[in-house]
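> Structure for this input, please:
(2 chains)
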Amino acid sequence: MIISQLGYYSLIFGLLTSILIFFNSSIQIKKNNSVISNKTTGLIGFQFFFVIISFISLIYSFIISDFSNETVYNNSHTTKPLFYKITGTWGNHEGSLLLWLLVLTGVLLGFIFKSKNEPNNYRQLTILFHQIIVIGFFVFILKTSNPFNEIFPVATEGLGLNPILQDPALGIHPPILYLGYVGTSIIFSAALASMICSHVNKSWAKEIKFWILFSWFFLTGGILLGSIWAYYELGWGGFWFWDPVENVSLMPWLSLTALLHCVVTLEKRELFKNWTIVLCIITFALSMAGTFLVRSGILNSVHTFANDPSRGIYILTFLLVLVLLSFVVFVIYENKNFVQKSEIFAWSKETSILINNWFILYFLSVVLIGTIYPIFLDVILDEQISVGPPFYNKLILPFLIPFVLFMSIGPSMKWIKTNIKIGVKSFFIIMVTLILSFVTIYYIGSKNIFLLLLFIGFFYLLLKSLDQLRQKTKNFAQIFSHTGFSLLLISILLNSFSSNEIIRNIQVGESFSLKNEKILFQKILVEKEKNYESIIGFFEILDEKNKIINLHPEIRIYNEPEMATSEASIKTSLFKDRFITINLIKDQNFFNVRYQHKPFMIWVWISTLIIMLGGLFAIFRKNKEVNI
Amino acid sequence: MYSKKVKLRLLFIVVFLTLIVLTTFIVFKVLKDNVVYFKSPSEINLQMEISKKKIRVGGMVKKNSVKMNNNKIDFIITDFKNELYVTFSGTVPNLFEEEKGVVAEGFLNDKKFLIADKILAKHDENYMPPEVKKSLGE
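From the prediction side, this is the model:
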């Protein structure tokens, strides 16, 4: 109880510190005495410290099951294992916002230490803009989502955590994702500051690139973890559903990807100044919009825990204020920065990056429209609709072909001007691409021309990226992420076009078959665990080589809150995942069994890791002259 | 006459705008073809003709209506005014139960019969999809 109070007052102190920093920075800027004193750094340190104290208090309240705290009462239970008591801290609305605030104040501290060589007025202004966001979130938390609300009388038992969230992934998916999401905030503040100080130049690009890569790296990781989690937990056997909540994480990812290509052009050639700034603003706005969509309860999904319209309205208003602010800053200071110094020729790296950006922006718009159109229609016309995967497939897949072609040739372009030469080597690569594509198409037994074209594009990208390894100056960041990206596309395509599944309602002892495999439902076993009862199905699979594979899918019936979940049983191999889930319908004798072959599943994860590895290379690359 | 540079720029702008208009047009065309409308059994009953497009129907699973065999599950969705027979072969979610909320996605055979290819019923016990809540007029 006292700890909970400590957390609350720590938040108040945090808010007061923010206001202090805000005014301090404004005064310094007015006086034009913009040396960042130890006092300012100290205050920012304190601000971070207060948020940490408050965060630890909340974790502690969860560990000791302090049910006088409303958040703990709503989301925890004494029988829950310790691990889920801790991770449950950010498995709810209030706690996750506290985590958001923690990252928000943390990145500012990181920025202060990293930007020591930058002009002081720019740093001071960044602090000022960042404090606006920080204050906004402090007020938001204290006003609408206080994690330290007390309830009286104190309950003896809590309501428990949603069983879907009782998974090890809860420990790591939200924090990693938030590092990516909230990392974009510092990009936003710094972009506005640099605009005002006319500091949009090569040195700024180098500086901000770190934060772009930082956010991009963690956002990629967060999305990957979310996909893996959805794959084994939700029981559909898919890893991407074009669910609005997934889309809102994909949108900032797309604009970050565009931005990280664009900022390199700024760094090398001092081009696309305004465009870089616009992308910085868009990226953070999309992050905020994501928070709004998930937190307002407009979308229904596993991520929506509480529906409270006032929260949605607050975030929306705050978002509009920030966008308006950045718009005003942009309009006033735009001309000062806009000096197009150098010429670009049609065949150059600059052009290819511009093309990359246009394509990514197109993909982004498609996802944006697909996500917000249903909301729009619901509000305006009171009609309920949903937009399914066909929409995205039809609009994104065809454009991927030219996109990957440009992506294949882009990296070998030179700055300013490139002379195109087609040598023997190019023909060799094209030949290998064609052979690989035809073999693949033959292997999956498809006669679809469009599919063939997609494979040709993806394999070409793969080979062209690997071909870069022969160059003298190797850019590992680019090679890894482009190779990873092409592998990802190939795996996804193979996965979706050669998956097989069978769904049956069967009783114990019955069997069925899929392709050349025989699946026998041997028996069930009921076990009692600490906070759930588990019904385990024993399945024996005889594969085409008569090898026996055992799978044990589960149905878990949790007691607090009372709810059933299915735990898939997955046997992963290099080329194929075998995936089985069972379900039980009340008062029926049948088990609803779903058995699937998911080819190349593990390659979807591996290739995303390769993409991230590229990001790591870029982050740790020291000032060497390398092309992207 | 205009100089060559101006002409080139003009051409560029025209091509660019055409491209944007064209893409917007295509995007919204595809969007229109691929949205899935949500209806209640009563709304379907009121329709003059049945659409050939995929729809979602929400309501309650009627008591004692679930019948299963090896390949399919039959049940009735009701909004307490009208009923709709559903036949479905696929995975049912954990929370599929008689007298609980459900959303079925599929094609209408006639006004009283839906061939579903997906059933959605998720989240905790108290949870009811907003659409279902609305269609039950709660």
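
> residues of stretch A:392-405 that come out buried?
A:392, A:394-395, A:400, A:403-404 (16 or more other CB atoms under 10 Å in any protein chain shown). Just so you know, the C-beta spots here come from the backbone N, C-alpha and C atoms, and that holds for glycine as well.

> Enumerate the residues of the stretch 401-550 of chain A near chain B.
A:503-506, A:510 (CB under 8 Å from any CB of the partner chain).

> Show me which pair in the residues you listed is furthest apart.
A:Ile503 and A:Glu510 (13.8 Å; CB to CB).

> Neighbour count: the two, which is higher?
More crowded of A:Ile503 and A:Glu510, by other CB atoms under 10 Å in any protein chain shown: A:Ile503, with 18 against 15.

> Quickly find the element holding the closest residue in space to A:Met612 that isn't next to it in sequence.
Nearest non-adjacent residue to A:Met612, counting by CB to CB, 6 or more residues apart in numbering or on different chains: A:Thr220, 5.2 Å away. Taking DSSP states H and E as the criterion, A:Thr220 maps to helix A:202-233.

> Of the buried residues of stretch A:392-405, which belong to helices?
Residues of those located in helices (DSSP state H): A:392, A:394-395, A:400, A:403-404.

> which among those gets closest to A:Lys571?
Nearest to A:Lys571 among these, with distances taken as CB to CB, is A:Tyr392, at 29.9 Å.

> what about stretch B:61-69, near chain A?
Yes: residues of stretch B:61-69 contacting chain A under CB under 8 Å from any CB: B:66, B:68-69.

> would you list the ones in helices among the buried residues of stretch A:392-405 in CSV and tack on pLDDT?
Below are these laid out as CSV (pLDDT from 0 to 100):
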residue, pLDDT
A:Tyr392, 94
A:Lys394, 92
A:Leu395, 93
A:Leu400, 95
A:Phe403, 96
A:Val404, 95
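
> biggest strand in chain B by residues?
strand B:101-110 (DSSP state E).

> how about the helix holding A:Thr220: buried residues?
A:204-233.

> State the pLDDT value of the nearest residue to B:Gly106 once chain neighbours are set aside.
In space, and not counting its chain neighbours, B:Gly106 is closest to B:Ala116: 3.6 Å by CB to CB, 6+ apart. pLDDT recorded at B:Ala116 is 91.

> quick one: contacts for B:Ala116?
B:86-88, B:90, B:104-106 (CB atoms under 8 Å, 6 or more residues apart in numbering or on different chains).

> Pull the most distant pair out of those.
Going by CB to CB, the pair spanning the contacts of B:Ala116 furthest: B:Thr87 and B:Glu105, at 13.2 Å.

> more crowded one of these two?
More crowded of B:Thr87 and B:Glu105, by other CB under 10 Å: B:Glu105, with 20 against 17.

> what about the residue nearest to that one when sequence neighbours are not counted, which helix or strand?
Nearest non-adjacent residue to B:Glu105, counting by CB to CB, 6+ apart: B:Lys118, 4.2 Å away. Using DSSP H and E, B:Lys118 sits within strand B:113-120.

> Please apply the same query to A:Val263.
Using DSSP H and E, A:Val263 falls in helix A:244-269.

> can you give me the angle that helix makes with helix A:202-233?
Inter-element angle recorded for helix A:244-269 and helix A:202-233: 150 degrees (by axes from the mean of the first three to the mean of the last three CA atoms, to 10 degrees).

> can helix A:244-269 be found next to chain B?
No: under the criterion of CB under 8 Å from any CB, helix A:244-269 makes no contact with chain B; the nearest approach is 12.6 Å.

> Could you confirm whether any residue of the helix or strand following that helix contacts chain B?
Moving toward the C-terminus from helix A:244-269, the next helix or strand (DSSP H and E) is helix A:273-295. No: residues of helix A:273-295 are not located near chain B by CB under 8 Å from any CB, the shortest gap being 14.4 Å.
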